[in-house]
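S.K.: pasting a predicted model and its sequence here:
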Amino acid sequence: MQPKISLQNVFYTYADETEALRNVSLDVLPNQVFVLFGPSRSGKSTLLRLLNRLSDLTEGARFQGTVLVDGRNIFDRSVDVFDLRRRVSMVFAVPTPLPGSIRDNLTYGLKMAGQRNASLLETRVHRSLEQAGLWDEVKDRLDSSAMALSGGQKQRLCLARSLALEPEVILLDNPTSGLDPISTSVVEETLRELTDQYTIIMVPHSVQQAARIADRAGFLLNGELVEVNDTESIFLHPLDKRTEDYITGRFG
Amino acid sequence: MSRQQTQRLASVLITLTAVLVFVPVIVVIVYLIWQGIGAISWEFLTQPPRNGMTEGGIWPAILGTLILTMGTALVSMPFSIATAIYLAEYAGDNRLTRTIRMAIVNLAGIPSIVYGLFGLGAFVLAAGFGTSILAGSLTLGIMTMPVVISTAEEAINSVPQQFRTVSLSLGASKWQTIWHQVLPHALPGIITGMILGLSRAAGETAPILFTVAAFYVPTLPTSIFDQTMALPYHLYVIATQVPGMPLKIQYGTALVLLLITLTMTLIATVVRTAVRRRRDW
Amino acid sequence: MDTAQAPPESLPNRRIGERIIEGVILVAGISTILIVALIFLFLLKEGINAFLDIPLRQLFGDRWYPIEGIYGLMPLLVGTTLVTIGAVIIAVPLGLVAAIYLGEFAPQWLREILKPLIEILAGIPSIVLGFLGWVALAPLIQNAGADTGLTAFTGSLLLAYMSLPTIISISEDALYAVPREYRDGALAIGATQWQTIWRVVLPAARSGLVIAVMLGIGRVIGETMGVLLVTGNAANMPAFGPGMFFNPVRTMTATIAAEMGEVAQGSLHYSVLFGIGLILFLITFVVNWLAARLVGVSGARTKVGGQV
């Protein structure tokens, strides 16, 4: 099976000479939940931002290697980066609704892509909120400010905002970081239900979360991808000593 | 002298000096209102001057100032906002950017009378607009640009960075992001800067001396190539060039001019606070 | 998948539209440089004859007498210098102390009143202040015993207050920018509030304060209508001494404002007035350049996108 996403010998260095990624190679299969875990500043977010070229926004960084989505190099000149960001959609750690109504948030990406069809927009609003498990809570106030939602609701709104674009890949950068346990389990539940339609790459809040959610997982340490394996193997029988130390809580 | 005595003396002296700074401002305003309020009447505000300007009102000068202020806005606004967008969103840390910033700092420092000379040379003579509303608006518009650019840039920079990142991550292009996420939120700040700049332009005399202002025109302007009277110049004229001018009219004119500029400053301040209170991020 | 997928608007067209907008924005940015250059060129074009046709010795001579074709700029330079020095002597201490008062001494409620008051002072048109100087202040000064109320000192006093908003607001920012820890540190080792300000805060804020003063000076040199009304407009050389502040003088700016209306375009007098404008332009250029050197005009900003 062709991998959905494939990194080959990727190096990434910030303007201040921090080496964020060192020779990372990785394949993610379609409809998998792939979890990238490791201590903070190990390069997880950098890797995520590379996959839909949000990394372009970082000035002065150097990049080397190949990133393929569906076998196609995303840094190729012919690639439409705006289209790429709709296909590979990011949900950030801090839920950031755009100022405006709930509906505005959900239709923003589609409208920017030139989509004007009102009934299609309406369908997407409904379906994405359903998928994110938010529909029942907000269906009566779609036109009120998104800023008034609770933290957990905001994060599910941001997830729905990505889903409304019907992406192929969803990138989640620690989506439950600011949430209470109940909201966290709601979001996790939502994610599990999405797996049969989407490829999900996620940076988890904790090793426990990683083990709960992942189909496959990779351990990043200081920009190096130490070990990749299916969930059971990597968490129960890690092959690398460093992975084991991290999982058992000896550092990080 | 002990340290405590020095401390006490210093705080007394500092307070006294502050009184020297602030009290005259209050005195000036109160004095002007006291002297000028008697001249202000419906007739004064709506009638042209009569009898060698010693009677009647100042309507043509008020109208001229309003027209010039609008002309200034039309010239200054598009240019300044575009420049502010460039500096805030596009400019890299390079030589060009530094030169542009240096140019703006310089524009801000050029004396208003030099703007007047430039307007005379460039718009009145070289461009052939003559002494006209057009030439005056262009001159005042350019003079206003530095204030508007810097406040607009500040307003744009104060829009949280996450909104831009989120917008781009949803597939919006850079310009779409600026248009849909940055400018709407920066707009109140931009308007505040614009009004502040305009209030300065409305009170300026030197730049309009040779570019637009007329001593006295019997008719109201009908095109942008007409001359017009304007309040600041009118005040200058009646204070210094017209013998036997009643003091009351002079004070009245000064008060009207002050009220116009202060009202604009006040509106700007109100817009700023109202918006800060309303927004939910 | 949606079956009724409406065709999105043509993307390539939109991209071209955006490129054009972004091009216009770039041009607007660059145009600021062009405007400065244009101002300089027009001043040069109209004023160059003054420097070519009049021998420099005469141009910087001490008689300004246009009716006889004598254009010595010295009295005007001296007039501007006197008025500026006077204004600086008055405004700098007042402005710095007012900033210190606002930042360190004034209670919060009073600050809320005084800061808008400064904005109001900044918003008073210079012609209005000039008018008040002319009808109210000058008679006061005359009554105090001067030969006339229209003197360099009257101009200095007026200009001092006009430049106060600039000096106060920039100084206050500079004082505010001094880290809290500096103050706390000094107070913790037993310094009084005054010692803290004098020994710690002021030195730390020094470069900001210098800029405040420089920009204040720039404002003073360029002011026109106020000085035109209150300095008496006598283009003569005052005898050197403290008394010179109490003589009528005439500044460079006031000369342009007063005489440009009466000269024939293209005449030598016309060129000389533009030449004075050129000198003013260069002076403010230098003042601003120095101030910017001190503050560092930085192009470094956080930016949105790599894609332009």
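M.R.: Nice, thanks for sending it over.
S.K.: tell me the helices and strands packed up against the least confident helix or strand in chain B by mean pLDDT.
M.R.: In chain B, no helix or strand scores lower on mean pLDDT, DSSP states H and E than strand B:55-56, which sits at a mean of 80. If contacts are counted by 3 or more C-beta pairs under 8 Å, 6 or more residues apart in numbering or on different chains; DSSP states H and E, strand B:55-56 sits against strand B:49-50. Just so you know, the C-beta spots here come from the backbone N, C-alpha and C atoms, and that holds for glycine as well.
S.K.: name the helices or strands packed onto the helix or strand following the least confident helix or strand of chain B?
M.R.: On the C-terminal side of strand B:55-56, the closest following helix or strand by DSSP states H and E is helix B:59-85. Under the contact definition 3+ C-beta pairs under 8 Å, 6+ apart, helix B:59-85 sits against helix B:42-46, helix B:133-157, helix B:183-203, helix B:231-240, helix B:247-278, helix C:11-53.
S.K.: in TSV, list those helices along with distance to B:Ser167 and mean neighbour count.
M.R.: Shown next, in TSV, are the helices and strands packed on helix B:59-85 (distance: least, C-beta to C-beta, whole Å; neighbours: other C-beta atoms under 10 Å in any protein chain shown):
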stretch	distance to B:Ser167	mean neighbour count
helix B:42-46	48	13
helix B:133-157	14	26
helix B:183-203	12	22
helix B:231-240	44	25
helix B:247-278	21	19
helix C:11-53	14	17
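S.K.: now these as CSV including distance to B:Thr211 and mean pLDDT?
M.R.: Shown next, in CSV, are these (distance: least, C-beta to C-beta, whole Å; pLDDT from 0 to 100):
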stretch, distance to B:Thr211, mean pLDDT
helix B:42-46, 26, 87
helix B:133-157, 5, 94
helix B:183-203, 12, 91
helix B:231-240, 11, 90
helix B:247-278, 19, 88
helix C:11-53, 13, 89
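S.K.: and those as TSV, adding distance to chain A?
M.R.: Below are the helices and strands packed on helix B:59-85 laid out as TSV (distance: least, C-beta to the nearest C-beta, whole Å):
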stretch	distance to chain A
helix B:42-46	42
helix B:133-157	15
helix B:183-203	6
helix B:231-240	40
helix B:247-278	11
helix C:11-53	7
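S.K.: so what touches the least confident helix or strand of chain B?
M.R.: Defining contact as C-beta atoms under 8 Å, 6 or more residues apart in numbering or on different chains, one finds that strand B:55-56 is touched by B:Glu43, B:Phe44, B:Gln47, B:Pro48, B:Pro49, B:Arg50.
S.K.: what's the answer for stretch B:175-182, then?
M.R.: A:98, A:108, A:112, B:85, B:89, B:156, B:159, B:163-164, B:166-168, B:172, C:18, C:21-22, C:304-305.
S.K.: are any of these buried, and if so which?
M.R.: Neighbour counting with 16 or more other C-beta atoms under 10 Å in any protein chain shown marks A:98, A:108, A:112, B:85, B:89, B:156, B:159, B:163-164, B:166-168, B:172, C:18, C:22, C:304-305 as buried within these.
S.K.: so which of the residues you listed sit within helices?
M.R.: Under the assignment DSSP state H, the buried ones among the contacts of stretch B:175-182 contribute A:Tyr108, A:Met112, B:Ile85, B:Ile156, B:Phe163, B:Arg164, B:Val166, B:Ser167, B:Leu168, C:Glu18, C:Glu22 to helices.
S.K.: now the fifth one: how far from chain C?
M.R.: I take that to be B:Phe163. According to C-beta to the nearest C-beta, to the nearest Å, B:Phe163 and chain C sit 10 Å apart.
S.K.: confidence score at that residue?
M.R.: Per-residue confidence (pLDDT) for B:Phe163: 94.
S.K.: return the distance of it relative to A:Thr107.
M.R.: 16 Å (C-beta to C-beta, to the nearest Å).
S.K.: how about low-confidence regions in chain C?
M.R.: Low-confidence segments of chain C, defined by pLDDT under 70: C:1-14, C:295-308.
S.K.: from B:Ala155, how far off is the residue nearest the centre of it?
M.R.: Nearest to the geometric centre of chain C sits C:Arg219, at 1.9 Å (C-alpha atoms, centre = their mean). Using C-beta to C-beta, C:Arg219 is found at 24 Å from B:Ala155.
S.K.: show me how far the least confident helix or strand of chain B is from its chain's centre.
M.R.: 29 Å (C-alpha atoms, centre = their mean, to the nearest Å).
S.K.: over to stretch B:155-166?
M.R.: The answer for stretch B:155-166 is 28 Å, by C-alpha atoms, centre = their mean.
S.K.: quote the end-to-end distance of that stretch.
M.R.: End-to-end distance of stretch B:155-166 (C-alpha to C-alpha, to the nearest Å): 19 Å.
S.K.: got it, and stretch C:259-267?
M.R.: Termini of stretch C:259-267 sit 12 Å apart (C-alpha to C-alpha).
S.K.: which residues does it contact?
M.R.: With C-beta under 8 Å, 6+ apart as the criterion, stretch C:259-267 contacts B:Gly116, B:Leu117, B:Leu120, B:Leu125, B:Leu209, B:Phe210, C:Pro66, C:His269, C:Tyr270, C:Leu273.
S.K.: between these, which is closest to C:Glu119?
M.R.: B:Gly116 (25.5 Å; C-beta to C-beta).
S.K.: what is the burial count for the closest residue to the closest one other than its chain neighbours?
M.R.: Counting by C-beta to C-beta, 6 or more residues apart in numbering or on different chains, B:Gly116 lies nearest to B:Pro207, which is 4.5 Å off, once chain neighbours are set aside. Using other C-beta atoms under 10 Å in any protein chain shown, B:Pro207 is surrounded by 32 other residues.
S.K.: I figured B:Pro207 hits B:Leu138, correct?
M.R.: No. The criterion here is C-beta atoms under 8 Å, and B:Pro207 misses it with B:Leu138 at 10.0 Å.
S.K.: which residues do the two both contact?
M.R.: B:Gly119.
S.K.: any idea how far the residue in the stretch 51-200 of chain B that chain C sits nearest to is from C:Val178?
M.R.: Chain C sits closest to B:Pro111 of the stretch 51-200 of chain B, with a gap of 2.7 Å, by C-beta to the nearest C-beta. Distance, B:Pro111 to C:Val178, by C-beta to C-beta: 32 Å.
S.K.: who has more neighbours, the two?
M.R.: Legend: neighbour count by other C-beta under 10 Å for B:Pro111 and C:Val178, higher for B:Pro111 (25 against 18).
S.K.: name the nearest residue to that one, sequence neighbours excluded.
M.R.: Nearest-residue entry for B:Pro111: C:Gly222, 2.7 Å, with adjacent residues in sequence omitted and distances by C-beta to C-beta, 6+ apart.
S.K.: contacts only, for the one you found.
M.R.: Contacts of C:Gly222 by C-beta under 8 Å, 6+ apart are B:Gly109, B:Ile110, B:Pro111, B:Ser112, B:Ile113, B:Val114, C:Thr253, C:Leu280, C:Thr284.
S.K.: if you set the cut-off to 7 Å instead, what comes out?
M.R.: Contacts of C:Gly222 were listed using C-beta atoms under 7 Å, 6 or more residues apart in numbering or on different chains, and they are B:Pro111, B:Ser112, C:Thr253, C:Leu280, C:Thr284.
S.K.: same deal with C:Ile217?
M.R.: Taking C-beta under 7 Å, 6+ apart, one finds C:Thr84, C:Val88, C:Val287 in contact with C:Ile217.
S.K.: what helix or strand is it on?
M.R.: Take DSSP H and E as the rule and C:Ile217 turns out to sit in helix C:206-222.
S.K.: is chain B contacted by whichever helix or strand comes after that helix?
M.R.: Remark: after helix C:206-222, the chain's next helix or strand is helix C:225-230, criterion DSSP H and E. Yes. Using C-beta under 7 Å from any C-beta of the partner chain, helix C:225-230 reaches chain B at C:Met225, C:Leu229.
S.K.: tell me the first helix or strand C-terminal of helix C:225-230.
M.R.: Next in sequence after helix C:225-230, counting helices and strands by DSSP H and E, comes helix C:252-259.
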